[in-house]
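Visitor: take a look and give me a structure for this.
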Amino acid sequence: MAEHAIATPERAATDAGVRAFAAGGNAIDAALAAAATLTVTYPHNCGVGGDLIALVRRPSGSVVSVNASGIAGSGADAAARHLSGGEMPVSGTITATVPGVVAGWEALHRMGASRPWRDVFIDAVRLAEDGFAVPPSVARAIAEAAPDIDADAGMRAVFRPGGVSLREGERLRLPALAGTLRSLAADGPRAFYEGRIGRRLLAGLRPLGSLLAERDLAGFVPEVNGPLGRRFRDLEVLTSPPNSSGILLLQALAALDAAGAGLDPLGADAAFLVEVLRLGGLQRASSLADPRHARVDTEAFLGDDRIAELVAAGSAARRGDPVSSGEVRAGGDTVAIVAADASGRAVSLIQSLFHAFGARVLEPDTGVVLHNRGAFFSLEPGHPNRLAAGKRPAHTLMPVMLQRDGQLAGVLGAMGGKAHAQIHAQVLLRLLGGASAQEAVSAPRCVVGSLELGEPDDTVRLEGGIPAAARRSLEEAGMPTLDVPRHSEDLGHVQAIWPAGAGLAAGSDPRADGAAAVI
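Guide: Numbers count the residues shown, from 1 in each chain. Purely as a prediction, here's the structure:
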C-alpha cells in the first residue's frame, strides 16, 4: 500500500498530521503532530494535563501497547480515608492523577518517529499563539459547563472572559499553554515531570488541595507491553490490556462468535449485543482495576464460562425476557487519532480529560487543564479499584488495531466514555459487513447507559436513522429507549482506517469536527 492515512476529530489536527507526512514523517510523526494540536484546538476533550493509551504497529507487524494513564498522587491514601463512605467527587484537583499525555508522546516518539521531537509542536504552538476559531463542539461544551468554569479563575479567564462564554467561530488564544508547549519542544518531555513546567504546575495546584507531589511526577513512566488480543472471524483484534477497558470489546466479540453466524446484532438481534455490552460494563465496575495493585482475572472476563453466561443473557434479552438494571454511564470527553503509513506502521492513539474540561481546573501559569480521571476510582473498602497512592484507576480508553494473516487490516479509535466498547463493536460489525470507513463511522448507532440524573441505567439511546428492526428488538426486550438526533455527540465519535482495494481509506466521524485524509 503506497499510501498514508490519518483521521482525527478536529480539522486543524488532521491538517497537522498531513503536514507531518508531507515533511517526510511516518504514522508516528503524524499522530503526534495531531495529538499535540488537539490539546490546543479541542481543550474540552484532551490536554497535556490528561492521559493517553495507544497501540503502535511496527512495519514488521509487531504491535505494542503504550499505557500512559497516570497514577494517584502521594496524598491519595489520606484522601481515601477522609472520603471513605462517600463517593469520589467528579471535579476538582482531588480527581487529578498524574497527567500521562506528555510521557506517552515521548514513548511513541522513541518507537520510530522520523522527525525531531521539537517538530511535534509546530502546529500546536502556532495555533495557541495566533488563535483559532472555536469549533462547534468546544462552544457547546463551554456553554454547558459555564457554572463550573466560572468557579475556577483560570478556566473563567480563558473560556468565559468577562463572564461570557466563547461562541462558535470566535477566536481563542492560549498564550500560557503556548509557553508550555514551547518549553516542551525546547527542553524535552521530562520538563513536564522533572523540570520547570512540572514545578510551576504543582505550585499552582497545591493551594487548591492537589494530591500530587513532585516525586509523583518525577517517578512517572508509561507502561509499554504487549497488547491483549482475540480472534474474531478472520481478524486478530488487538487492544490495550487492563487497566484499559479494551477487554470489554474482546468479551463482546467472543459472545457474538459463540452465539453463531445466524445472529443479526445490528438489526433484529440488537438486544443481544446491547445486553452483552451492558453486562460487560457492570463487570468492569466491579472488577477492573490496575493489575499492578489488584488481581484482574482475564479469565473472568474472557473464559468460556463467562462467555456462555453472556450468550445466555443476550439470548434471553433477544427473546424479550426482562433485563436487570445496573449502573452503566455513557458520556466522556476524549479524542482518538488513527494513522497508518505505506510501510505498514500504524498508530491508534487515545488521549483524554475524561469529563468535559476534566477536573475543571486550569492552572494559569502553565495553561494546563487537569483531567479528572481519578473520579473513576472507587471508595468502597476492599474494592479492587479503590483509590490509593501510586495506583492507576480503571480506565475507559481502548485503542484498537486489526490484523488479518499478519497484515494490517484496520485501525480504530473512539471517544465515548464508558461506551467505547459499544461503539467499537458496532463500527467493526459494519466494516465487516462491507461498509467503507466513512460509512461505518457515520452510520446510526445506539448506546446503553444513563447520561442524566434519575435516568434508568439501562436506557438505550437510539440515534435517528437506526434500523427499524434494531429498534423493535430493543423495545421488545423491555429496555427503556430514548431517541436522539442523528449524529449526536451523545453517541461518541470514531476515527477509522480500513483497506479499500489496494490502498487505504479513512473515515472521520461527523459527530465531531474532524476530517480524514489519504495521502
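
Visitor: quick check: buried residues in stretch 284-300?
Guide: Neighbour counts over stretch 284-300 (16 or more other Cβ atoms under 10 Å) mark R284, A285, S287, L288, A289, D290, P291, H293, A294, V296 as buried. Every C-beta, even on glycine, is put in place using the N, C-alpha and C of the backbone.

Visitor: skipping its backbone neighbours, what lies nearest A425 in space?
Guide: For A425, ignoring the flanking residues on the chain, the nearest one in space by Cβ to Cβ, 6 or more residues apart in numbering is A252 at 5.1 Å.

Visitor: leaving out chain neighbours, which residue sits closest to P136?
Guide: P136's closest residue in space is E168 (Cβ to Cβ, 6+ apart), at 5.0 Å.

Visitor: quick one: the strands in the stretch 201-350 of the chain, in order.
Guide: Using DSSP state E, counting those that start in this stretch, the strands assigned to the stretch 201-350 of the chain run over residues 223-225, 228-232, 235-239, 333-340, 346-354.

Visitor: could I get those strands as a markdown table with distance to A502 and mean pLDDT?
Guide: Below are the strands of the stretch 201-350 of the chain laid out as a markdown table (distance: least, Cβ to Cβ, whole Å; pLDDT from 0 to 100):
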| stretch | distance to A502 | mean pLDDT |
| --- | --- | --- |
| strand 223-225 | 33 | 98 |
| strand 228-232 | 24 | 97 |
| strand 235-239 | 19 | 98 |
| strand 333-340 | 14 | 94 |
| strand 346-354 | 17 | 97 |
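
Visitor: closest to L429 out of the ones you listed?
Guide: strand 228-232 (9.7 Å; Cβ to Cβ).

Visitor: packing partners for the closest one?
Guide: Judged by 3 or more Cβ pairs under 8 Å, 6 or more residues apart in numbering; DSSP states H and E, strand 228-232 is in contact with strand 235-239, helix 246-259.

Visitor: in the protein, where's the longest helix?
Guide: helix 270-287 (DSSP state H).

Visitor: buried sites along that one?
Guide: Neighbour-count burial for helix 270-287, counted by 16+ other Cβ under 10 Å, picks out 270-281, 283-285, 287.

Visitor: which of those lies closest to G179?
Guide: Taking the buried residues of helix 270-287 together and measuring to G179 by Cβ to Cβ, the closest member is R284, at 38.7 Å.

Visitor: how about the closest one, what does it touch?
Guide: S245, L248, A394, K418 (Cβ atoms under 8 Å, 6 or more residues apart in numbering).

Visitor: how close does it sit to P384?
Guide: 11 Å (Cβ to Cβ, to the nearest Å).

Visitor: name the SS class of R126, please.
Guide: Using DSSP: H, G, I helix; E, B strand; the rest coil, the structure places R126 in helix.

Visitor: touching, G204 and G367? I think so.
Guide: No. G204 lies out of contact with G367 (Cβ atoms under 8 Å); the separation is 10.4 Å.

Visitor: comparing those two, which residue is more hemmed in?
Guide: G367 (25 against 19; other Cβ atoms under 10 Å).

Visitor: okay, the more buried one and I197: tell me how far apart.
Guide: 10 Å.

Visitor: pLDDT and distance to D234 for the buried residues of stretch 284-300 - can I get that in TSV?
Guide: Shown next, in TSV, are these (pLDDT from 0 to 100; distance: Cβ to Cβ, whole Å):
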residue	pLDDT	distance to D234
R284	95	28
A285	93	33
S287	96	30
L288	97	29
A289	97	33
D290	98	34
P291	97	30
H293	96	37
A294	96	35
V296	96	29
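
Visitor: any chance of those residues in CSV, plus distance to R233?
Guide: Putting the buried residues of stretch 284-300 into CSV (distance: Cβ to Cβ, whole Å) gives the following:
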residue, distance to R233
R284, 24
A285, 29
S287, 27
L288, 26
A289, 31
D290, 32
P291, 28
H293, 35
A294, 33
V296, 27
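
Visitor: tell me the one of those nearest R19?
Guide: The nearest one, if we look at the buried residues of stretch 284-300 relative to R19 and count by Cβ to Cβ, is D290, at 37.2 Å.

Visitor: was I right about the closest one contacting K391?
Guide: Yes. Contact status for D290 versus K391: in contact at 5.0 Å, counting by Cβ under 8 Å.

Visitor: if I read this right, T8 contacts V347, doesn't it?
Guide: No. Counting by Cβ under 8 Å, T8 sits too far from V347 to count as a contact (11.4 Å).

Visitor: ok, the nearest residue to L235 once chain neighbours are set aside - contacts?
Guide: What sits nearest to L235 in space, not counting adjacent residues and going by Cβ to Cβ, 6+ apart, is L402, at 5.2 Å. L402 sits next to L235, E236, V237, L238, L408, A409, G410, V411, L412, L428 when contact means Cβ under 8 Å, 6+ apart.

Visitor: how much space separates the third one from S348?
Guide: Relative to S348, V237 is positioned 12 Å away (Cβ to Cβ).

Visitor: sorry, back to before: tabulate the strands of the stretch 201-350 of the chain (a markdown table), appending distance to S488.
Guide: Output for the strands of the stretch 201-350 of the chain, formatted as a markdown table (distance: least, Cβ to Cβ, whole Å):
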| stretch | distance to S488 |
| --- | --- |
| strand 223-225 | 34 |
| strand 228-232 | 28 |
| strand 235-239 | 25 |
| strand 333-340 | 15 |
| strand 346-354 | 19 |
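
Visitor: A470 is in what secondary structure piece?
Guide: helix 468-476 (DSSP states H and E).

Visitor: tell me the helix or strand right after that helix.
Guide: Counting by DSSP H and E, the next helix or strand C-terminal to helix 468-476 is strand 481-484.

Visitor: mind giving me the packing neighbours of that following strand?
Guide: Short answer (3+ Cβ pairs under 8 Å, 6+ apart): strand 481-484 packs on strand 460-463, helix 468-476.

Visitor: okay, the angle between the longest one and helix 270-287?
Guide: On the basis of axes from the mean of the first three to the mean of the last three Cα atoms, to 10 degrees, helix 468-476 is oriented at 60 degrees to helix 270-287.

Visitor: that older thread, looking at strand pairing, list the partners for the residue nearest to L235.
Guide: V237, G410 (DSSP bridges).

Visitor: and it, what pLDDT?
Guide: pLDDT recorded at L402 is 98.

Visitor: now do M1
Guide: For M1, the predicted pLDDT is 45.
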